[in-house]
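Visitor: build me a model:
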Amino acid sequence: MKLIDFYIRNRAEALQLTFEHIFLVLIATVAAAAVGIPVGILLTRRPGLARPVLAAANVLQTIPSLALFGFLIPLLGSYGIGRVPAIIALFLYGLLPIIRNTFTGISGVDPAVREAARGMGMTDWQMLTQVELPLAMSVMIAGVRVATVISIGTATIGAAIGAGGLGMYIFRGLRMSDNTLILAGALPAALMALGADFILGWIEKALSPGIKRESRKGLKWAVAIGAFAIASGLVLLNARGSRETGSGIVVVGSKDFTEQRILAELVAQTIEANTALKAERKFEFSGDLCHRAMLAGQMDVYVEYTGTAFTAILRHQPSTDPRAVYAQVKQEYESQFNLEWLDPLGFNNTFAILVRGADARRLKLKTISEASAYAPKWKAGFGQDFMSRADGYPGFAKTYGLRLAQAPLEMDLSLTYRALAGGQVDMIAGNSTDGLIDKLDLFQLEDDRHYFPPYEAAPVFRRSVLERYPEIREAIRLLAGKLADSDMRRLNYAVDGEKRDVREVVSEFLSTLGR
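Guide: Purely as a prediction, here's the structure:
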């Protein structure tokens with residue numbers, strides 16, 4: 001019932017994400033077929049190329065999708081985020097089954113049939129188009145069938161680079177510890193895969209040798225109707241996207257966790273309420289993709305944290321002086337990237353070392369130093385950022401003399417909260433303003449040795465946008481210093497804990513400020 005209620009409340013967004021998913025799969029699969037089928041045919045004429053070409057296609061399919069995105073982002077430049085790299089990745093994954101099945105299907109045609117065709121005086125082209133392809137068609141469609149199902153499942157990863165699709169719900173559900181959201185993305189993707197497998201299986205059977213002509217006529221009508229329905233949906237999706245672009249539009253982006261969506265929506269609504277401009281929302285980019293999108297001119301503003309910019313982007317050693325960190329980040333972003341930091345919003349979202357609330361109460365724990373005495377019996381799970389950054393685990397363990405029962409488990413940040421609440425680990429590094437802290441009854445240990453640097457949140461704009469629309473600067477100034485740590489945690493809890501809509505939560509908060 002929760003899932004049905006969710007779809008009813010979010011039917012417009014769910015439909016849009018579904019069509020985005022179909023768009024990614026359809027374009028990638030058609031492109032893979034357009035390349036893979038001719039390559040497969042070529043291999044039947046040049047058998048010596050078959051082994052190396054199929055080996056190369058096989059290698060492409062074994063590259064993990066996130067790693068492939070990592071390679072594509074710098075290669076594609078300004079097209080390195082969004083749908084383009086996602087389509088390229090799905091295209092590469094779809095090549096192997098299509099090439100292999102085309103080669104296998106044509107190579108499997110009975111040699112006696114070929115000899116008969118030659119005896120009738122057919123040219124190689126005539127034999128290919130009138131004999132080999134019709135006989136191999138069902139095997140070739142089986143390859144397209146496999147490529148399509150693979151693409152539908154893999155396309156969910158595209159949400160990590162802003163490509164949209166049903167993966168948006170899955171990633172959002174993992175971050176919010178919300179099974180309904182995960183199912184909202186996973187269920188239609190699974191049904192889509194099953195549906196595509198059934199339809200293409202039917203087409204495969206209908207194209208098998210010996211099927212009556214009447215059945216093939218029905219197949220043509222079914223394919224035509226299906227193609228028309230999908231094309232209509234994609235046209236509507238494209239028309240909607242076209243209306244959201246143009247002059248007077250400010251592209252507001254966010255990283256891929258709840259707080260970032262809230263802050264981006266806060267910036268977007270403030271711009272729309274205090275200027276004549278419209279905000280185009282591009283949310284939930286993973287890693288440093290917001291920064292890359294800003295440099296590529298694909299995004300105009302997002303909210304960044306001083307500590308992240310200082311250590312992860314500018315590669316400086318951590319510093320605990322908030323004013324010095326902000327001043328240096330502001331100066332270097334302007335000189336190196338032509339990006340401008342506006343005034344901080346008021347809160348500091350630093351790393352939070354968390355334990356279960358029940359453990360903290362039972363052991364009377366308040367500080368990290370007190371908890372470190374129990375660490376030799378504990379297991380820890382930390383996000384990839386915390387394990388790899390200069391202000392993360394290595395320095396943290398050294399500062400507190402931390403000795404764990406085993407090496408920390410490195411995992412997705414959103415999953416560390418579930419692991420801690422579920423008893424799989426005993427300590428994690430979360431975010432100090434995260435709403436899941438209250439929702440899951442977790443306890444934040446005090447950083448009594450002041451290891452972690454400041455992470456003050458502030459809007460970062462492309463300077464060209466502020467020069468073109470100077471009214472934005474005055475509008476955003478209304479937010480300066482208005483968000484305390486407690487405010488941010490409350491807003492996060494409203495979304496993560498109470499499952500409220502981000503836009504509604506932000507609108508309500510802005511009304512208390514008088515805009």
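Visitor: in whatever helix or strand residue 509 lives in, what's buried?
Guide: Remark: residue 509 resides in helix 502-513, with elements defined by DSSP states H and E. For helix 502-513, a neighbour-count test (16 or more other C-beta atoms under 10 Å) marks 502, 505, 506, 509, 510 as buried. Every C-beta, even on glycine, is put in place using the N, C-alpha and C of the backbone.
Visitor: same question for stretch 161-169.
Guide: For stretch 161-169, by 16+ other C-beta under 10 Å, it's 161, 162, 163, 164, 165, 166, 167, 168, 169.
Visitor: residue 358 reaches residue 441, doesn't it?
Guide: Yes - between residue 358 and residue 441 a contact is recorded at 7.1 Å, counting by C-beta atoms under 8 Å.
Visitor: residue boundaries of the strands in the protein?
Guide: 249-255, 278-285, 301-305, 339-341, 351-356, 380-382, 409-410, 427-431, 442-444, 457-462 (DSSP state E).
Visitor: in its sheet, which strands sit next to the longest one, and in what direction?
Guide: Note on strand 278-285: by DSSP bridges, its sheet partners are strand 249-255 (parallel).
Visitor: please name the nearest non-neighbouring residue to residue 284.
Guide: residue 256 (4.4 Å; C-beta to C-beta, 6 or more residues apart in numbering).
Visitor: same check on residue 25?
Guide: With C-beta to C-beta, 6+ apart as the criterion, residue 25 has its nearest non-adjacent residue at 4.5 Å, and that residue is residue 151.
Visitor: just checking, the one you found touches residue 28?
Guide: Yes - counting by C-beta under 8 Å, residue 151 touches residue 28, with 5.5 Å between them.
Visitor: what does the helix holding residue 509 rub up against?
Guide: For helix 502-513, contacts defined as C-beta atoms under 8 Å, 6 or more residues apart in numbering pick out 258, 261-262, 265-266, 269-270, 273, 478-479, 482, 487, 491, 494-495.
Visitor: how close does the residue lying closest to residue 145 once chain neighbours are set aside sit to residue 144?
Guide: If the residues on either side of it in the chain are set aside, residue 145 comes closest to residue 200, at 3.9 Å by C-beta to C-beta, 6+ apart. Between residue 200 and residue 144 the computed distance is 6 Å (C-beta to C-beta, to the nearest Å).
Visitor: who's more crowded, these two?
Guide: Just comparing residue 200 and residue 144: by other C-beta atoms under 10 Å the higher neighbour count belongs to residue 144, 24 against 19.
Visitor: so who does the closest residue to residue 31 other than its chain neighbours touch?
Guide: Closest residue in space to residue 31, ignoring its immediate chain neighbours: residue 91 at 4.9 Å, by C-beta to C-beta, 6+ apart. For residue 91, the contact set (C-beta under 8 Å, 6+ apart) comprises 28, 31, 32, 35.
Visitor: among those, which are in helices?
Guide: Per DSSP state H, helices hold the following members of the contacts of residue 91: 28, 31, 32, 35.
Visitor: turn the buried ones among the residues you listed into a named PyMOL selection, would you?
Guide: Selecting only the buried entries of the ones in helices among the contacts of residue 91 in PyMOL, with 16+ other C-beta under 10 Å as the criterion:
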select buried, resi 28+31+32+35
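Visitor: just give me the closest of the ones in helices among the contacts of residue 91 to residue 404.
Guide: Using C-beta to C-beta, residue 28 is the member of the ones in helices among the contacts of residue 91 that sits closest to residue 404, with 43.1 Å.
Visitor: what number of residues lie near the nearest residue to the closest one once chain neighbours are set aside?
Guide: Using C-beta to C-beta, 6+ apart and skipping the chain neighbours, the partner closest in space to residue 28 is residue 90 (3.4 Å). When neighbours are defined as other C-beta under 10 Å, residue 90 has 29 of them.
Visitor: didn't residue 90 look like it was pressed against residue 23?
Guide: No - using C-beta under 8 Å, residue 90 is not in contact with residue 23, being 10.9 Å away.
Visitor: show me where pLDDT drops low in the stretch 201-350 of the chain?
Guide: 209-247 (pLDDT under 70).
Visitor: repeat that for the stretch 1-150 of the chain.
Guide: 1, 77-78.
Visitor: can you show me the helices along it?
Guide: 2-9, 11-45, 50-62, 65-76, 83-107, 111-119, 124-127, 133-154 (DSSP state H, counting those that start in this stretch).
Visitor: pull the residues that contact the third one.
Guide: With C-beta under 8 Å, 6+ apart as the test, helix 50-62 has contacts from 39, 43, 92, 93, 95, 96, 99, 100, 103.
Visitor: restricting to C-alpha, output that helix in CSV.
Guide: The C-alpha trace of helix 50-62 is given here as CSV (Å, rounded to 0.1, in the frame of the first residue of the first chain):
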residue,chain,number,x,y,z
ALA,A,50,36.3,-12.9,-35.0
ARG,A,51,38.4,-13.9,-32.1
PRO,A,52,40.1,-10.5,-31.4
VAL,A,53,36.9,-8.5,-32.0
LEU,A,54,34.8,-10.7,-29.7
ALA,A,55,37.5,-10.6,-27.1
ALA,A,56,37.6,-6.8,-27.2
ALA,A,57,33.8,-6.6,-26.9
ASN,A,58,34.0,-9.0,-24.0
VAL,A,59,36.6,-6.9,-22.2
LEU,A,60,34.3,-3.8,-22.6
GLN,A,61,31.5,-5.6,-21.0
THR,A,62,33.6,-6.6,-18.0
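Visitor: how far off helix 133-154 does it point, in degrees?
Guide: Inter-element angle recorded for helix 50-62 and helix 133-154: 20 degrees (by axes from the mean of the first three to the mean of the last three C-alpha atoms, to 10 degrees).
Visitor: dump the ones in helices among the contacts of residue 91 to CSV, plus distance to residue 67.
Guide: CSV is the format used below for the ones in helices among the contacts of residue 91 (distance: C-beta to C-beta, whole Å):
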residue, distance to residue 67
28, 18
31, 21
32, 20
35, 22
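Visitor: of all the ones in helices among the contacts of residue 91, which comes closest to residue 188?
Guide: For these, the residue nearest residue 188 by C-beta to C-beta is residue 28; the value is 18.1 Å.
Visitor: can you put the helices of the stretch 1-150 of the chain in CSV and add distance to residue 462?
Guide: Converted to CSV, these look like this (distance: least, C-beta to C-beta, whole Å):
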stretch, distance to residue 462
helix 2-9, 35
helix 11-45, 26
helix 50-62, 35
helix 65-76, 19
helix 83-107, 21
helix 111-119, 62
helix 124-127, 55
helix 133-154, 32
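Visitor: between those, which one is closest to residue 390.
Guide: Each of the helices of the stretch 1-150 of the chain has some distance to residue 390 by C-beta to C-beta; the shortest is helix 65-76, at 20.2 Å.
Visitor: other residues contacting that closest one?
Guide: Here helix 65-76 has contacts from 63, 80-81, 84-86, 88-89, 92-93, 154, 157, 160-161, 289, 292, using C-beta under 8 Å, 6+ apart.
Visitor: check contacts around the residue in the chain sticking out farthest from the centre.
Guide: The centre of the chain is farthest from one residue, residue 119, which by C-alpha atoms, centre = their mean lies 56.6 Å away. Contact analysis of residue 119 by C-beta under 8 Å, 6+ apart lists nothing.
Visitor: much appreciated, bye for now.
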